[in-house]
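In: Sequence unavailable; structure follows:
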């Protein structure tokens, strides 16, 4: 690995090393290692354990922090589901409740506010299918609240869309979502998508929440137009699940040597289908609990057929 030389920023060094990650927590780890420091200007971070879940908050508060981590300023919350990884009893249920708590804390969204969930990805490509799988397990209520307010008026108005991918629709996800926002007029958008990690161990057992939006397709190296408050005109939050590791990143992490021969390739975990099903269920339950706090898990499962 190259050391930081005169005039080089940590972001530039990471670029030379080709260490690729969408997780702010990992970007911070890499930069701290390169800088040989425990504190980075413009970056605040805390970490704690909650019922088998490691919760790490990274906040980028200045331009210095943006340059150091290569990410826009804002809040990034990473949840590592250690108990789920260990297959502990009720681990998924506990993790889902903590996910709901962290979403509430991050968004500050009041119960009466409406939400549009944009579930991104390609269901035909397993590592990119997080969004579509989550979408099919969400409790959608906008039509019920509007048509039958006497029965469902206490629920939050939630709508869900799967914009697909440019290669199968011919339309940018951001364009479809922007049109939906214009028509539906939600108070906030939550985007769900796949991400890339630097670590195989974090695949399917980690979730990143952020209030800065997301760039669709970034996890599988096919970035499109960004979804953010600037592009959509409403607050945009993102929930991402690491499902792949860039092959060159993995080689460099293991050997410390650049691996030009595998650039453009991605690696995922074993039992990818089962892992994807489990984490998609965890995310969907967590989102449902956050969006509909008046309902418990059993009621949500009955209403969603889960």
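Out: Received, thanks. Predicted model only: the values in this text are computed from it and were never measured.
In: where do the strands sit along the stretch 1-150 of the chain?
Out: Ranges of strands in the stretch 1-150 of the chain, per DSSP state E, counting those that start in this stretch, are 43-50, 53-60, 74-81, 115-119.
In: Out of these, which is the most enclosed?
Out: Among the strands of the stretch 1-150 of the chain, strand 115-119 has the highest mean neighbour count (mean count of other Cβ atoms under 10 Å), at a mean of 26. Where C-beta positions appear, they are placed from N, C-alpha and C, glycine not excepted.
In: Run me through the strand neighbours of that one, direction for each.
Out: In the sheet, strand 115-119 lines up against strand 158-161 (parallel), strand 188-197 (parallel) (DSSP bridges).
In: which other residues reach the helix or strand following the last one?
Out: Read that as strand 188-197. Downstream of strand 188-197, the next assigned helix or strand under DSSP states H and E is strand 206-210. Outside of strand 206-210, the residues within contact range by Cβ atoms under 8 Å, 6 or more residues apart in numbering are 22-25, 74-81, 99, 102-103, 106, 195, 197, 237-242, 279, 283.
In: Grab the most central residue of the chain for me.
Out: residue 240 (1.4 Å; Cα atoms, centre = their mean).
In: Looks to me like that residue is in a strand.
Out: Yes. Under DSSP: H, G, I helix; E, B strand; the rest coil, residue 240 falls within a strand.
In: hey, what's the residue nearest to it when sequence neighbours are not counted bridged with?
Out: For residue 240, ignoring the flanking residues on the chain, the nearest one in space by Cβ to Cβ, 6 or more residues apart in numbering is residue 195 at 3.9 Å. According to DSSP bridges, the partner residues bridging residue 195 are residue 242.
In: So for residue 255, which of the strands of the stretch 1-150 of the chain sits nearest?
Out: Between residue 255 and those, the tightest spacing by Cβ to Cβ is seen for strand 74-81, at 24.8 Å.
In: what lines up beside the closest one in the sheet?
Out: strand 53-60 (antiparallel), strand 206-210 (antiparallel).
In: Let me see the mean pLDDT of it.
Out: Average pLDDT, strand 74-81: 97.
In: Let me know the angle separating it from strand 43-50.
Out: Going by axes from the mean of the first three to the mean of the last three Cα atoms, to 10 degrees, strand 74-81 is angled at 30 degrees with respect to strand 43-50.
In: Turn the strands paired with strand 74-81 into CSV, including mean pLDDT and distance to residue 157.
Out: Shown next, in CSV, are the strands paired with strand 74-81 (pLDDT from 0 to 100; distance: least, Cβ to Cβ, whole Å):
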stretch, mean pLDDT, distance to residue 157
strand 53-60, 96, 29
strand 206-210, 97, 21
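In: Among these, which comes closest to residue 186?
Out: strand 206-210 (17.9 Å).
In: now the closest one, how far from the centre of its chain.
Out: Its chain's C-alpha centre lies 4 Å from the corresponding centre of strand 206-210 when counted by Cα atoms, centre = their mean, to the nearest Å.
In: need the next SSE after that strand, C-terminal direction.
Out: helix 229-232.
In: which strands and helices sit next to that following helix?
Out: For helix 229-232, the elements it packs on are helix 173-184, judged by 3 or more Cβ pairs under 8 Å, 6 or more residues apart in numbering; DSSP states H and E.
In: Tell me where the model's unsure across the stretch 201-306 of the chain.
Out: The stretch 201-306 of the chain contains residues with pLDDT under 70 at 217-224, 253, 256-264.
In: hmm, 90 instead?
Out: 215-226, 245-271, 304-306 (pLDDT under 90).
In: Next: the stretch 51-200 of the chain.
Out: In the stretch 51-200 of the chain (pLDDT under 90), the answer is 51-52, 82, 85-89, 111-112, 165-168, 198-200.
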